[in-house]
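> Below is the structure, and that's it, no one-letter string:
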């Protein structure tokens, strides 16, 4: 709630004080940091999540890809998009795939977004 309302510091404090974290709380912080342009923090939470053995889901990857976008991590973003998601069994539905680039950054022409857009186009064509 704090992250969504813009108080990322309060969200971080609540998260760090939690004794039990589930996929929802991990996703709130991964996406919350990313949404507020704090890509390094988002990626740190994601790495912590993986280190304790929590399995990421689609929402996790929305935050991770957005963080990669904020940080200009083209190779890492493409790795998460193209390989790691498959390794952990995360599949995107057609409607989710077609909206993801717009969610990440509606006005960016970075190599990261171009690569993702091209990958999406190929995926969408193969589903047709």
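Okay, I see it. If you're wondering where the values come from, they're calculated on a predicted model, not measured in any experiment.
> So residue 47: helix, strand or coil?
Here residue 47 is helix, with the state taken from DSSP: H, G, I helix; E, B strand; the rest coil.
> worst-scoring helix or strand of the protein, pLDDT-wise?
Across the helices and strands of the chain, the lowest-confidence element by mean pLDDT, DSSP states H and E is helix 94-104, at a mean of 51.
> Look at the residue nearest to residue 54 when sequence neighbours are not counted and say how many residues are nearby.
Of all residues not flanking residue 54 in the chain, residue 26 sits nearest, at 5.7 Å (CB to CB, 6 or more residues apart in numbering). Bear in mind the C-beta positions are built from the backbone N, C-alpha and C, glycine included. Number of residues near residue 26 (other CB atoms under 10 Å) recorded here: 24.
> show me the contacts for residue 26.
The neighbours of residue 26, taking CB atoms under 8 Å, 6 or more residues apart in numbering as the test, are 45-46, 49, 54, 60.
> Would you mark the buried spots in whatever helix or strand residue 9 lives in?
Using DSSP states H and E, residue 9 maps to helix 8-17. Neighbour-count burial for helix 8-17 flags 8, 11-12, 14-15 (criterion: 16 or more other CB atoms under 10 Å).
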